[in-house]
Each structure stands twice: as C-alpha cells, then as structure tokens.
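1. Sequence and predicted structure, then a few things I'm wondering about:
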Amino acid sequence: MRLSFALLPLVALFASCGNDADLPPMISASSGNNQRADALFAQAQAAEQAGKTKKAIKLYDEIADKIALSDKAPEARFRQAKLLDESGETLDAFDAYQELIVRYQGSGLYRQAFQRQTEMAFSAADGGIKSSFLGLKSKLAANKVIEMLKKVASNAPRSTTASKASFKIAELLAGDDKIDEAVSAYRHVVVEYPSYAEAPEAQFRIGEVLLSEARDGNQDQANLDRAEDALRDYLSQFPGHRRNAEARKLLSSIGGRDLQNTFDIASFYEKKGDAASAKFYYQEVIRRSKSGALHDKAQARLSALGGQ
C-alpha cells in the first residue's frame, strides 16, 4: 500500500491505538531503513539480472512503498516502472512513473520518468500501445488514455506538453462522437493555452465538429449558430492561420445550409396545408438569396400558392 505524506501525522498520532498490523507502514529516513533498502535493492538487482522480472518488480515496489524516504526509493520506483514498461504492463508502468514524478521531483530520474510517461500517453492516444485480454491485443480504451493524458498535462500544467495533451483529449472525445465534451475540451485548449500552436486549431475544430454533427442529421438552428460563432471567433482571434480559407468556405456552407433549412420548412407547411406559413418561409428564401436554384424554386412555389 502506498502511503500519502498527508497521512504521516495521523499515523504517529494513532500508532499506540489498535492493532499495529492494521496501520500503514511507517516511513523513515533513518540509517537502519537505508540499510534495509540497500539490501532489498541488491536482491532486486540480482533478481533482475537473473531474469526473474516479477520478483525484481515486487522487491523494487516494496522499497518504494515501505521505505519511501530511503536513498534507494526513487531509483527503485524507476526500475519498477521500467521493468513493467518493458513487460508490456502499460498502465501499471505509467502509474509507477507517475508516483516517481509526484513524490520525487528532486530526483535525477524525474526528467526521464516524465519523458517516458509522456511518450506512453501520446503513443496510447495514437493507438500505438495495445492491451492484452485473454491473449487478444486491442487499443487501450479511450477513457484510460484520457486519464493518462490528463496526468501528463497536470504534471507540467503551463507547458507545450500540457497543450498537446489537452488537444489530444479533445480529439479522442470528438472521435468517440462525444460532441459536447469535445467542444468543451477544445475550448479548454483555447482558454488555457492561447499562445501555443494547438489553440487556433482547437478553435477551428469547434466549428468543424459542430458542422459535422449537423451533417449527420442534427441540423437544429442552435447547432449551426454555434458552429458559425466558433468559426467567426477563429477568424477574428487567429487571422493568418493556415486554415483561415477553409473556415471561410465552411461559413459559406453554413449560410447555404441555413437557406436549405428555410426552404424545407416552407415545403413542410405547404404539404401540411398551411399556405400562409409556407408563403412566409418561401419569401424568406427569396429575400436572403438574390439568385440560384433555391431562389428559383422558392419563387415558383410562391407563385403556385398565389404569392408574390
């Protein structure tokens, strides 16, 4: 069991109460515990060199868990993480690296642990890391990958790594058709990392995913308005970005899509026998389009209904 530093005062306070076997292990930096850690570390190294990986992992974990303030604890946790990593135990390895990052920020192994953990999270996001169940290999579940990316971002919250990790989270949510969550995640990138390369792309993606949702059948006006607002914000905030021209084309398509919706509403009322409402919406199409196929069709239907 891994012991939080926040629990140490409570352990000391209640050490004389109840059964000692029920209490978390005491952590100390005494010379006696350092000697014990050295002995266990030597055993772990011997097991590792003999190819007894599981035994080595267990011994390294024991040092890092139960003698966490010993001189050997950071290296033990790193060795445990590395062996788990090499054994394909991705999530356990990731968690072991995380414990080193959180507890031993002054360690010379901190940077290596952070770099490897970051590589693992991005590889998992790109489908490069597989999990095994009953001998079958498959990509890690999206929710697990998102958890990994969130930890990477929180370990360096104002960095380019955090910006990239947050953007990956949004991409995964969008790919899983969780549109509202994806939009929220993209907005987080824009707000929290406005000066990083991911911010303009994230703002563009907000409009893009909302339009994609409309294309798949959810064509309510609110969705189209949100997409339009997002793309106009993108052009306003990030002029000169590489996708400006594409954003303008999408805005143009929104206008055309909105016009089609208006024509469809007019047709609906006409079929329903509500001529007054049908005329109103056909007139709207004509008013908002000076020419084109929809303009001509609306004019023809309006004439057929006795309108002008």
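-> Thanks, I have the structure now.
2. only C-alpha atoms for contact and neighbour calcs from this point on.
-> Noted.
3. Give me the nearest residue to Ser267, chain neighbours excluded.
-> Closest residue in space to Ser267, ignoring its immediate chain neighbours: Ala278 at 6.6 Å, by C-alpha to C-alpha, 6 or more residues apart in numbering.
4. same thing with Ile286?
-> Ile286's closest residue in space is His295 (C-alpha to C-alpha, 6+ apart), at 5.2 Å.
5. For the helix or strand containing the one you found, which helices and strands make contact with it?
-> For His295, the host element (DSSP states H and E) is helix 293-304. Judged by 3 or more C-alpha pairs under 8 Å, 6 or more residues apart in numbering; DSSP states H and E, helix 293-304 is in contact with helix 244-272, helix 275-288.
6. Relative to Arg243, how far out is Ser98?
-> Check again: residue 98 is Gln, not Ser. 37 Å (C-alpha to C-alpha, to the nearest Å).
7. More neighbours: these two, which one.
-> Gln98 (23 against 15; other C-alpha atoms under 10 Å).
8. Got the confidence number for the more buried one?
-> Listed pLDDT for Gln98 reads 98.
9. list the contacts for it?
-> Ala113, Phe114, Gln117, Lys151 (C-alpha atoms under 8 Å, 6 or more residues apart in numbering).
10. All the strands of the stretch 101-250 of the chain, residue numbers only.
-> 130-133, 136-139 (DSSP state E, counting those that start in this stretch).
11. Flag whichever of those has the least confidence on average.
-> strand 130-133 - the lowest mean pLDDT of the strands of the stretch 101-250 of the chain, at a mean of 60.
12. Give me the below-cutoff pLDDT ranges for the chain.
-> Residue ranges of the chain with pLDDT under 70: 1-32, 131-137, 215-221, 308.
13. what separates the residue of it most remote from its centre from His295, distance-wise?
-> In the chain, counting by C-alpha atoms, centre = their mean, Gly306 sits farthest out from the average C-alpha position, at 56.3 Å. Noted for Gly306: a distance of 17 Å to His295, by C-alpha to C-alpha.
14. Next: Ile179.
-> As judged by C-alpha to C-alpha, Ile179 and His295 stand 33 Å apart.
15. Pull the number of nearby residues for the residue lying closest to Asp38 once chain neighbours are set aside.
-> Spatial nearest neighbour of Asp38, chain neighbours left out: Lys72 (6.7 Å); criterion: C-alpha to C-alpha, 6+ apart. Lys72: 20 surrounding residues under other C-alpha under 10 Å.
16. sorry, back to before: restrict the helix holding His295 to CA atoms and write it as CSV.
-> Output in CSV follows, covering the C-alpha atoms of helix 293-304 (Å, rounded to 0.1, in the frame of the first residue of the first chain):
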residue,chain,number,x,y,z
ALA,A,293,-31.6,27.1,-57.6
LEU,A,294,-33.3,27.5,-54.2
HIS,A,295,-34.2,31.1,-55.1
ASP,A,296,-35.9,30.0,-58.3
LYS,A,297,-37.7,27.0,-56.6
ALA,A,298,-39.0,29.2,-53.8
GLN,A,299,-40.2,31.8,-56.4
ALA,A,300,-42.0,29.0,-58.3
ARG,A,301,-43.7,27.6,-55.2
LEU,A,302,-44.7,31.1,-54.0
SER,A,303,-46.3,31.8,-57.4
ALA,A,304,-48.1,28.5,-57.3
